[in-house]
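Enquirer: Predicted model follows, preceded by the sequence.
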Amino acid sequence: MLSRKTVFVIAPCIFALGVLCAAVEVFPRASAGMVVLSGSVHGAEGNTLDGIGVSAREDGKTFTTTVYTDQSGVFAFPEMESGHYKIWAQAEGFGASVKELDLNGPNGQHADFTLAKLSDFQKQLSGPELMASLPGDSPADNRMKAIFLNNCTGCHPANFTLQNRFDKAGWTAILDTMMKVTPLGNFPKTGPMGEESDKAQAYILQAYKDELVAYLTRVRGPDSTLADIHLLPRPSGDAAHAVITEFDLPRPDKPAGWVLPHNGSDWSEGTPSRYEGRSAHDVVIDRQGIVWFVDDVVPDRSLGKLDPRTGRVTDYILRGPAGSPDSLHAAVIDRAGNIWAANLSEGMPTEFDAETSKFTTFPRPANVPSAGGFIAVDSKDNIWAPYNDGAVKLDPRTGRYTIYQAITTGKGTYGIDVDREDNVWIAQPGADRVMVVDGKTGKVGEIVVPPLNEPSLEVTSEDRDLYSGPIDGTSNAPPQQKGPRRLAADKNGDSVWVSEYFADRLLRIDIHTRKITEYPFPHPYVQPYAVAVDKDHMVWISLLNADRIAKFDPVKEKFTEYELPTRGTENRHIAVDNRTTPPSVWVPYGRTNKLARIEFRPQAESGN
């Protein structure tokens, strides 16, 4: 743990690589042009506050750094450049405390913050906190919470919806609009992507519409209140040792220097809309530490490159047959360092050569289905991508595609990875199954994930009919569905890890015995979305609804949750950078035009 006499210092060359060094005594002499800042956070009554995020942003820079107070209410930043900074501390239930300081070396500087309690702080709440604070805890109420979460949060976290209140007419209008708009905001629903999923969205929402309108009018109507607010624990232990850097992503369709006005940095503003805030969907990190992100919505960008040393972003455009930029959704790097992207617009894998900045497409024959959602690469550099009823393999040397059909069809796919033995795993959330293609024989198998069976959750005959029906449920589901989603194989182990999006569980599959083990998350309503596994076998999970990420230790079978400094992160992907020790983690924010890097101080390894 940090003491009042300890700060952490990062040499400039090492900080650029994201590696943290050991603690030194306060106040060290900083490197030339650098400064060290530490301080404390207290409540208005003088009590120390632990687990409080303190953020700093230098004038003219495009990134913000956040650290957390320890058990004594003390915080310490890594070495920062001298300059004029805005620094603020904030936490749920308190008003933010903001300072503007001129920081200059070589001696360390100190700043203290005092937070005053708020009587109304509902807009600060995360999705799980709002969900847990809704009135009612009967099996019938829990069923409606599950129906809401499974069907009304595919395009946004729960706190974006529930931070507002509407009457019956308002909630009806919202549900009617949801049945007409695609997850990417197309209105009306058009285009080649997600048509089967769109049908499921309209079908299931229509089935639950009347119940949802009545429920939401009761719990978030004009006269409703949240009498008992349930807050998640503030960061402590390992979670309080995180150092988080959030990089702004400029939009090429906006003027130079444009910044999203409401970008989730001020929690009192609530969770922002993603109308102008969605850009990066997935990220990959190359051997030089450059971060590449694919963009599925922003005009005039298909692929972006972030240099973490400077915060500079470079945009690349792949134009389709009609001349408009192709929408890229997921990415992976092959052994040669080439970036492969899942091309939503063309429904096929697309290669990008980072040295020549050249895109190469691999047109599909007429008999090969559209496969532009996700992508993976095996040890022979074959490219794999799921389609609605299975997976396709591309041999980039010949341009030949091979089709592998799932045993269970008509239920959609969402996520793919390859294990160390070249077995290919594909999640089928609508079927509660995981498809697997044997790496040696090409034989297709499947893992059946049993539906959720909780005594606290009421399941009706209507729910059972929807669960067994022919509808693709990748983003909409009845309350008992688990929805295995984006998955990741341990490249140095024998496990595949799968997020159970609707069930708040992490699924482990033994690649040899096919045995499954499920681990419930410590808190409900977090919506685990994507998974990554680092070189130390730690499992990292993006929590779409929680403005947090989680780490799972397979040996200790223990979760640790890390709070993110922004409201509205809506993180749909997570990536690890194994070049650093310990590995660092990257998360794209789905509605605030940011990429976040999460690094860990050495003390996090001690378990204090």
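Expert: Cool, the structure landed. Quick caveat, the model's predicted, so the values are computed rather than measured. Numbering: from 1, shown residues only.
Enquirer: what does the average pLDDT come to for the host helix or strand of Val283?
Expert: Element membership for Val283 (DSSP states H and E) is strand 280-285. Strand 280-285 carries an average pLDDT of 97.
Enquirer: pLDDT weak spots in this protein?
Expert: Within the chain, the segments meeting pLDDT under 70 span 1-32, 182-201, 603-608.
Enquirer: can you map out the helices along it?
Expert: Taking DSSP state H as the test, the helices found in the chain are 12-16, 127-133, 139-152, 158-162, 168-178, 195-219, 461-468.
Enquirer: mind putting the ones you listed in a markdown table, distance to Ile87 and mean neighbour count included?
Expert: (C-beta placed from N, C-alpha, C; glycine too.) Putting those into a markdown table (distance: least, C-beta to C-beta, whole Å; neighbours: other C-beta atoms under 10 Å) gives the following:
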| stretch | distance to Ile87 | mean neighbour count |
| --- | --- | --- |
| helix 12-16 | 18 | 15 |
| helix 127-133 | 26 | 24 |
| helix 139-152 | 36 | 21 |
| helix 158-162 | 25 | 24 |
| helix 168-178 | 38 | 15 |
| helix 195-219 | 38 | 19 |
| helix 461-468 | 50 | 14 |
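Enquirer: Rebuild those helices as JSON lines, extending it with distance to Met80.
Expert: Below are the helices of the chain laid out as JSON lines (distance: least, C-beta to C-beta, whole Å):
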{"stretch": "helix 12-16", "distance to Met80": "9"}
{"stretch": "helix 127-133", "distance to Met80": "31"}
{"stretch": "helix 139-152", "distance to Met80": "40"}
{"stretch": "helix 158-162", "distance to Met80": "31"}
{"stretch": "helix 168-178", "distance to Met80": "44"}
{"stretch": "helix 195-219", "distance to Met80": "44"}
{"stretch": "helix 461-468", "distance to Met80": "53"}
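Enquirer: Looking at these, spot the one closest to Ala239.
Expert: Among those, helix 127-133 comes nearest to Ala239, with 15.4 Å by C-beta to C-beta.
Enquirer: was I right about Ala132 contacting Asp504?
Expert: No - counting by C-beta atoms under 8 Å, Ala132 does not reach Asp504; the two are 11.8 Å apart.
Enquirer: gap between Trp497 and Asp510?
Expert: From Trp497 over to Asp510 the distance is 11 Å, taken as C-beta to C-beta, to the nearest Å.
Enquirer: and these two? which has more neighbours close in?
Expert: Trp497 (26 against 13; other C-beta atoms under 10 Å).
Enquirer: residues touching Ala477, list them.
Expert: Applying C-beta atoms under 8 Å, 6 or more residues apart in numbering to Ala477 gives the contacts 150-151, 204, 429-430, 467, 483, 502.
Enquirer: could I get those residues as TSV with distance to Gly442?
Expert: Listed next are the contacts of Ala477 as TSV, based on distance: C-beta to C-beta, whole Å:
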residue	distance to Gly442
Asn150	34
Asn151	37
Ile204	34
Pro429	24
Gly430	24
Tyr467	31
Gly483	27
Phe502	31
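Enquirer: Closest to Val74 out of those residues?
Expert: Using C-beta to C-beta, the contacts of Ala477 come closest to Val74 at Phe502, 40.3 Å.
Enquirer: Quick check: end-to-end length of stretch 478-488?
Expert: This stretch, stretch 478-488, spans 25 Å end to end (C-alpha to C-alpha, to the nearest Å).
Enquirer: can you tell me which residues contact Met538?
Expert: Neighbouring residues of Met538 by C-beta under 8 Å, 6+ apart: 551-554, 583.
Enquirer: For those residues, give me JSON lines that also has neighbour count and distance to Pro128.
Expert: JSON lines is the format used below for these (neighbours: other C-beta atoms under 10 Å; distance: C-beta to C-beta, whole Å):
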{"residue": "Lys551", "neighbour count": "20", "distance to Pro128": "17"}
{"residue": "Phe552", "neighbour count": "22", "distance to Pro128": "17"}
{"residue": "Asp553", "neighbour count": "14", "distance to Pro128": "21"}
{"residue": "Pro554", "neighbour count": "18", "distance to Pro128": "24"}
{"residue": "Pro583", "neighbour count": "20", "distance to Pro128": "26"}
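Enquirer: Identify the farthest-apart pair in those residues.
Expert: Pro554 and Pro583 (14.8 Å).
Enquirer: what about stretch 45-59, distance to the chain center?
Expert: 24 Å (C-alpha atoms, centre = their mean, to the nearest Å).
Enquirer: Now do the end-to-end distance for it.
Expert: 32 Å.
Enquirer: same deal with stretch 341-357?
Expert: Separation of the first and last residues of stretch 341-357 by C-alpha to C-alpha is 14 Å.
Enquirer: Now it: buried residues?
Expert: Neighbour-count burial for stretch 341-357 flags 341-352, 354 (criterion: 16 or more other C-beta atoms under 10 Å).
Enquirer: for stretch 581-596, same thing?
Expert: Applying 16+ other C-beta under 10 Å to stretch 581-596 flags 582-596 as buried.
Enquirer: ok, now how distant is the residue nearest to Asp422 when sequence neighbours are not counted from Ser379?
Expert: Spatially, and ignoring its direct neighbours in sequence, Asp422 is nearest to Gly439 (3.0 Å; C-beta to C-beta, 6 or more residues apart in numbering). Remark: distance between Gly439 and Ser379 (C-beta to C-beta) = 9 Å.
Enquirer: Over to Val54?
Expert: Look at Val54 and Ser379: by C-beta to C-beta, they are 44 Å apart.
Enquirer: same question, Lys535
Expert: Lys535 sits 17 Å away from Ser379, going by C-beta to C-beta.
Enquirer: higher neighbour count, those two?
Expert: Neighbour count, other C-beta under 10 Å: between Lys535 and Ser379, Lys535 has more, with 16 against 12.
Enquirer: and the more buried one, what is it in contact with?
Expert: If you count contacts by C-beta under 8 Å, 6+ apart, Lys535 has them with 492, 576, 578, 583.
Enquirer: The third one touches Asp534, doesn't it?
Expert: Yes - when contacts are counted by C-beta under 8 Å, Asn578 is listed as touching Asp534 (5.9 Å).
Enquirer: Compare neighbour counts for those two and give me the winner.
Expert: Remark: of Asn578 and Asp534, Asp534 carries more neighbours, 22 against 14, as counted by other C-beta under 10 Å.
Enquirer: what's near enough to touch the more buried one?
Expert: Listed by C-beta under 8 Å, 6+ apart, the contact partners of Asp534 are 540, 576, 578, 582-583, 585.
Enquirer: As TSV, those residues with distance to Val424 would be great.
Expert: Output for those, formatted as TSV (distance: C-beta to C-beta, whole Å):
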residue	distance to Val424
Trp540	21
Val576	20
Asn578	22
Pro582	29
Pro583	24
Val585	25
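Enquirer: Which ones among the residues you listed lie within strands?
Expert: Of the contacts of Asp534, the ones assigned to strands by DSSP state E are 540, 576, 585.
Enquirer: Adding distance to Asp286, write these out as CSV.
Expert: Output for these, formatted as CSV (distance: C-beta to C-beta, whole Å):
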residue, distance to Asp286
Trp540, 19
Val576, 13
Val585, 16
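Enquirer: for those residues, which one is nearest Thr408?
Expert: Looking at the ones in strands among the contacts of Asp534 and their distance to Thr408, the nearest is Trp540, at 28.6 Å (C-beta to C-beta).
Enquirer: ok, the nearest residue to the closest one once chain neighbours are set aside to Ala489 distance?
Expert: The shortest distance from Trp540 to any non-neighbouring residue, by C-beta to C-beta, 6+ apart, is to Ala532 (4.7 Å). Counting by C-beta to C-beta, the separation of Ala532 from Ala489 is 10 Å.
Enquirer: Spatially nearest residue to Gly590 (excluding sequence neighbours)?
Expert: Leaving aside its chain neighbours, Gly590 sits nearest to Glu570 (3.3 Å; criterion: C-beta to C-beta, 6+ apart).
Enquirer: Tell me where the stretch 51-200 of the chain has strands.
Expert: With DSSP state E, counting those that start in this stretch, the ranges of strands along the stretch 51-200 of the chain come out as 53-58, 63-68, 74-76, 80-81, 83-90, 97-103, 109-115.
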